[in-house]
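Engineer: Got a predicted structure here, sequence first:
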Amino acid sequence: MNKWLPIVLIVAASTAHAAGYHLLKKIAVPGDYGWDYAATDTDGRRLYVGHDEEVTVIDIDRDRVVGRIGGGSDMHGAAIAREFGRGFISESNPGSVVIFDLKTLQKISEVPVGKDPNLIMVDHKTGRVFTADRGDKQVSAIDAKTGKVIGTVGPFDGRTEHGASDENGHMFLNLQDKGLLLRIDTQALKVLDTWNVAPCGQPSAMDMDKSNERVFIGCRSGAFAAVDGNTGKVITTLPIGPGVDALEFDPATRRIYVSSGGDGGSLSIFHEDTPDTYSLVEKVATEAGARTLAVDHMTGRVYLPVGQFASPPAGQRGRGPMVPGSFHVLVFGE
């Protein structure tokens with residue numbers, strides 16, 4: 001056997017998944033206040049950024065702000081249901097969902113849910129919108145067409161965090177402080193399974209490969225984890241940067257994008273080689289605090305909101321106020 005063959009195969013495999021992501025531009029966004037989740041509507045060519053007092057809407061073909069959706073305080077993120085022409089925003093005031101029109105960006109209604117809803121997601125199979133309410137430690141289900149709350153799941157013995165739907169009757173939800181993954185029946189609204197996902201400590205960000213029933217988790221312990229959605233078995237873990245808060249899977253390219261805001265900020269990109277094997281494509285430096293992301297599934301570009309903060313006043317811990325005019329969205333691509 002040719003002694004060089006193993007090396008050639010390794011190089012060929014690495015080249016097949018090479019990416020070369022780098023910073024393309026920065027989109028300036030007005031408003032010197034905090035941010036949370038971002039979501040792309042690829043078909044609608046819009047990016048929705050949770051920006052505390054509002055959700056900022058960006059045209060991702062022209063890379064400029066085209067609208068704002070207000071309604072309260074502490075707006076976390078948006079979920080899109082194009083089949084109903086509606087978007088849904090989780091808002092802590094102390095807890096509601098703002099429903100808006102996708103064409104006009106005008107508010108349609110506001111629906112009370114549990115306190116401090118963080119996650120918001122659409123289960124297209126049932127036509128339901130789900131929130132994870134951290135204050136009441138529950139999941140609330142809303143009929144996307146009528147805008148009415150139709151039930152809850154919980155309360156749980158743990159801090160609810162991110163979730164994902166397999167569009168096959170199941171929602172997966174992290175209990176971050178307990179290191180647990182729940183599988184929930186999206187129709188009957190009941191917990192079917194509870195799994196420990198160690199060594200994934202503090203499971204946070206989540207998305208899915210729906211076709212293979214694989215759950216992908218960004219762990220605050222500094223790892224990416226792939227979990228079998230049928231059994232709860234942790235298939236593998238791979239290292240990422242600290243401070244993860246978002247993860248997204250692109251089924252077309254089989255890439256998993258993970259954003260971490262600590263240690264200067266990083267974007268880790270993995271490839272699903274098979275449903276049970278994963279490899280690091282690359283890890284790219286971003287900016288400190290760029291902990292959330294959204295992917296344009298048409299172009300493969302990745303959007304990461306971030307702002308800069310001044311040093312805290314003398315004698316105080318934490319961070320100071322945001323530097324005026326510093327909030328922006330990083331655009332990374334190949």
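Structural biologist: Perfect, I can see it now. Residues are numbered from 1 along each chain as shown.
Engineer: hey, let's count contacts and neighbours off CA atoms from now on
Structural biologist: OK.
Engineer: tell me what the helix or strand residue 76 falls within is packed against?
Structural biologist: Following DSSP states H and E, one finds residue 76 within strand 75-81. Judged by 3 or more Cα pairs under 8 Å, 6 or more residues apart in numbering; DSSP states H and E, the packing partners of strand 75-81 are strand 38-41, strand 46-51, strand 54-59, strand 86-91, strand 117-123.
Engineer: pLDDT averaged over the shortest one - what is it?
Structural biologist: What it means is strand 38-41. The average pLDDT within strand 38-41 is 98.
Engineer: in its sheet, what does that strand sit against?
Structural biologist: strand 46-51 (antiparallel) (DSSP bridges).
Engineer: now the fourth one
Structural biologist: Each strand pairing with strand 86-91, determined using DSSP bridges, is listed with its direction: strand 75-81 (antiparallel), strand 96-101 (antiparallel).
Engineer: do the same with the third one
Structural biologist: Looking at strand 54-59 with DSSP bridges, its paired strands and their directions are strand 46-51 (antiparallel), strand 64-69 (antiparallel).
Engineer: so the spatially most central residue of the chain bridges to which residues?
Structural biologist: Geometric centre of the chain, nearest residue: residue 246, 3.9 Å, by Cα atoms, centre = their mean. For residue 246, the beta-bridge partners under DSSP bridges are residue 259.
Engineer: now residue 223
Structural biologist: Bridge pairing for residue 223 - DSSP bridges - gives residue 219, residue 239.
Engineer: which ones are touching it?
Structural biologist: 200, 237-241 (Cα atoms under 8 Å, 6 or more residues apart in numbering).
Engineer: what about it, distance to residue 108?
Structural biologist: Using Cα to Cα, to the nearest Å, residue 223 is found at 40 Å from residue 108.
Engineer: Make JSON lines from the helices and strands packed on strand 75-81 and add distance to residue 267 to it.
Structural biologist: JSON lines is the format used below for these (distance: least, Cα to Cα, whole Å):
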{"stretch": "strand 38-41", "distance to residue 267": "15"}
{"stretch": "strand 46-51", "distance to residue 267": "18"}
{"stretch": "strand 54-59", "distance to residue 267": "21"}
{"stretch": "strand 86-91", "distance to residue 267": "25"}
{"stretch": "strand 117-123", "distance to residue 267": "21"}
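Engineer: among these, which is nearest residue 99?
Structural biologist: The closest approach between residue 99 and any of the helices and strands packed on strand 75-81, judged by Cα to Cα, belongs to strand 86-91 at 4.7 Å.
Engineer: Distance from the chain centre to that closest one, please.
Structural biologist: 14 Å (Cα atoms, centre = their mean, to the nearest Å).
Engineer: What lies in contact with it?
Structural biologist: With Cα under 8 Å, 6+ apart, strand 86-91 has contacts from 72-81, 96-102, 116-120, 129, 131, 144.
Engineer: so who does residue 243 touch?
Structural biologist: Per Cα under 8 Å, 6+ apart, neighbours of residue 243: 220, 222, 260-262, 291.
Engineer: So for residue 277, what's the pLDDT?
Structural biologist: Looking at residue 277, its pLDDT reads 98.
Engineer: May I have the phi/psi pair for the closest residue to it other than its chain neighbours?
Structural biologist: Excluding the flanking residues, the one nearest residue 277 by Cα to Cα, 6 or more residues apart in numbering is residue 236, at 7.7 Å. Residue 236 adopts backbone torsions of phi -160, psi 160, taken as degrees, to the nearest 10.
Engineer: that older thread, now do the strand holding residue 76 and strand 117-123, the angle between them.
Structural biologist: Using axes from the mean of the first three to the mean of the last three Cα atoms, to 10 degrees, the inter-axis angle of strand 75-81 relative to strand 117-123 is 10 degrees.
Engineer: Figure out how far strand 75-81 is from the centre of its chain.
Structural biologist: Distance of strand 75-81 from its chain centroid, counting by Cα atoms, centre = their mean, is 10 Å.
Engineer: returning to that earlier point: going by neighbour count, which of the contacts of residue 223 are buried?
Structural biologist: 200, 237, 240-241 (16 or more other Cα atoms under 10 Å).
Engineer: ok, so of those, who is nearest residue 285?
Structural biologist: For those, the nearest to residue 285 is residue 241 (9.9 Å; Cα to Cα).
Engineer: in what helix or strand does that closest one lie?
Structural biologist: Using DSSP H and E, no helix or strand contains residue 241.
Engineer: For residue 101, grab the count of nearby residues.
Structural biologist: If you count neighbours by other Cα atoms under 10 Å, residue 101 ends up with 16.
Engineer: I should have written residue 68 there, sorry.
Structural biologist: Neighbour tally, residue 68, other Cα under 10 Å: 16.
Engineer: mind listing what the closest residue to it other than its chain neighbours touches?
Structural biologist: Once flanking residues are discounted, residue 68 sits nearest to residue 56: 4.7 Å by Cα to Cα, 6+ apart. Neighbouring residues of residue 56 by Cα under 8 Å, 6+ apart: 48-50, 65, 67-69.
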